[in-house]
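*Asks:* Turn this into a structure:
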Amino acid sequence: MATYDGIFRALGLENWCSDGATGGPLTMAEMIARANGTVVEGAPAPRPPLMETPFPSLDALHKACGAIPRSRDMTEAVEQGFLDIKNPLKVVLDPLTQPLSWMLDFSLEAFEATPWFLMIPLLMILTWFATRKPGVTLFVGLAFAFMGFIDYYDDAIQTLSIVFVCTIICVVLGVPIGIAMSRSNALQRGMIPVLDMLQTLPTFVYLIPLIFLFSVTESKLYGIAIILYAIVPVIRLTDLGIRLVDRDVIEAADAFGMSSRQKLWGVQVPLALPNIMAGINQTIMMSLAMVVIASLVSAPGLGVKVLAGIRNLELGVGLVAGFCIVLLAVLLDRSTKAALSRIDASAR
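*Replies:* Residues are numbered from 1 along each chain as shown. Sure, this is the predicted structure:
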């Protein structure tokens, strides 16, 4: 006798439960129990003790009423619903996301085609112009020289190229969205749940629907996952930065007769730039973290070395690749923070 039989009998739903019984294939737990002889086919299930009463979940209620679907029926329905919309969704998304594949592929080819004796000085020059810090500039050069010395330079450059493209796209999309949120309370209320969901979803979950939509050989598969995961900070901090602009400054701009566009680009965005740069810094860090996870779906770079270390139980490969990822994260963090400090100083 199932735990909740009495409830359905009391409600007079016995006929509905028996008419709607679906049966269906046995679950793994049911097959194991039947194989072990703990459940006899056709025999009623013993009622558990009061202190072991199961939660009224779908599976527990299904045992008492066959018309109620099991949890596996629910997950199968979700899967089938996704598969039903897969082809129409793919028709829409393929042309929209194809430029992302081109950008990622072109960036990889350009970074790999540039010889190390040009790439490392170029990265140092860019770091110097962004930070004006000799220590940070020297650290960038030494870090890449070290990774080249241990034959991890190519993987580091591949990872850097992916982070470079995804960060640019996150900024191009995220800053306008953040600006729009700061100018509309209704849009902000609508976007916050979406941003919360994107920020709290486990990283592996991003890959599940994308694997069904795109081929693992397409760069946009991991590119979309990285962008969705990393775009949240730049949106949030752009919105926050513009909203934190002093009201007195806005009133002064109004007194000078500035239009909304002039106030936005001449007053609000420059004053919010430190917050926007902080968002970009976090976006870079999250892009780098997701690149490692995206190696599971053919993303090149240091993540492949980490994955190889796990798959082949090569402790040294995994640890050295992990250290290179940390080194890359540190130099990106130091560079962006030094650039942010310059922006803060100029804002003051």
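*Asks:* And the lowest mean pLDDT element among the helices and strands of the protein?
*Replies:* helix 28-35 (a mean of 60; mean pLDDT, DSSP states H and E).
*Asks:* which residue sits closest to Q262 in space, ignoring its chain neighbours?
*Replies:* A253 (7.5 Å; CB to CB, 6 or more residues apart in numbering). No exception for glycine: its C-beta is placed from N, CA and C like everyone else's.
*Asks:* how about the one you found, what does it touch?
*Replies:* Going by CB atoms under 8 Å, 6 or more residues apart in numbering, A253 touches Q262, K263, G266, V267.
*Asks:* Most neighbours among the residues you listed, which one?
*Replies:* For these, the largest number of neighbours (other CB atoms under 10 Å) sits with V267, at 19 neighbours.
*Asks:* That one reaches D248, doesn't it?
*Replies:* No - V267 is not in contact with D248 according to CB atoms under 8 Å; the separation is 11.3 Å.
*Asks:* Show the pLDDT at the residue nearest to Q262.
*Replies:* In this prediction, A253 carries a pLDDT score of 87.
*Asks:* so it, which of the three states?
*Replies:* Look at A253: counting by DSSP: H, G, I helix; E, B strand; the rest coil, its state is helix.
*Asks:* Also A67?
*Replies:* coil.
*Asks:* so how far is D73 from it?
*Replies:* Look at A67 and D73: by CB to CB, to the nearest Å, they are 11 Å apart.
*Asks:* do the same with A230
*Replies:* Distance from A230 to D73, by CB to CB: 36 Å.
*Asks:* Could you pull up the contacting residues of L327?
*Replies:* A143, F146, M147.
*Asks:* Mind telling me what element L122 is part of?
*Replies:* Secondary structure assignment for L122, by DSSP states H and E: helix 116-131.
*Asks:* relative to helix 116-131, how tilted is the next helix or strand after that helix?
*Replies:* Following helix 116-131 in sequence order, the next helix or strand is helix 134-149 (DSSP H and E). With axes from the mean of the first three to the mean of the last three CA atoms, to 10 degrees applied, the angle from helix 134-149 to helix 116-131 works out at 150 degrees.
*Asks:* and the helix or strand hosting I85, what other elements does it pack with?
*Replies:* For I85, the host element (DSSP H and E) is helix 71-113. Where contact means 3 or more CB pairs under 8 Å, 6 or more residues apart in numbering; DSSP states H and E, helix 71-113 is packed against helix 58-64, helix 153-183, helix 203-213, helix 219-230.
*Asks:* where's G301 relative to T127, distance?
*Replies:* G301 is 20 Å from T127, by CB to CB.
*Asks:* Run a quick neighbour tally on Y152.
*Replies:* Neighbour number of Y152 under other CB under 10 Å is 23.
*Asks:* got a list of what it touches?
*Replies:* Contact analysis of Y152 by CB under 8 Å, 6+ apart lists L302, K305, V320, A321, C324.
*Asks:* Distance check, the third one against K305.
*Replies:* So that's V320. Taking CB to CB as the measure, V320 and K305 are separated by 8 Å.
*Asks:* sorry, back to before: and the helix holding I85, what's its mean pLDDT?
*Replies:* 90.
*Asks:* next one: stretch 6-18
*Replies:* 77.
*Asks:* try stretch 127-134
*Replies:* 89.
*Asks:* Which positions in it come out as buried?
*Replies:* T127, W128, A130, T131, K133 (16 or more other CB atoms under 10 Å).
*Asks:* for stretch 70-86, same thing?
*Replies:* The neighbour-count check on stretch 70-86 (16+ other CB under 10 Å) flags R70 as buried.
*Asks:* Could you do stretch 6-18 as well?
*Replies:* F8, L13, C17.
*Asks:* what's Q199 sitting at in phi/psi?
*Replies:* phi -80, psi -20 (degrees, to the nearest 10).
*Asks:* How confident is the prediction for it, by pLDDT?
*Replies:* The model's pLDDT for Q199 equals 87.
*Asks:* show me what contacts the closest residue to it other than its chain neighbours?
*Replies:* Nearest residue to Q199, sequence neighbours excluded (CB to CB, 6+ apart): V232, at 4.8 Å. Residues near V232 by CB under 8 Å, 6+ apart: L195, L198, Q199, M286.
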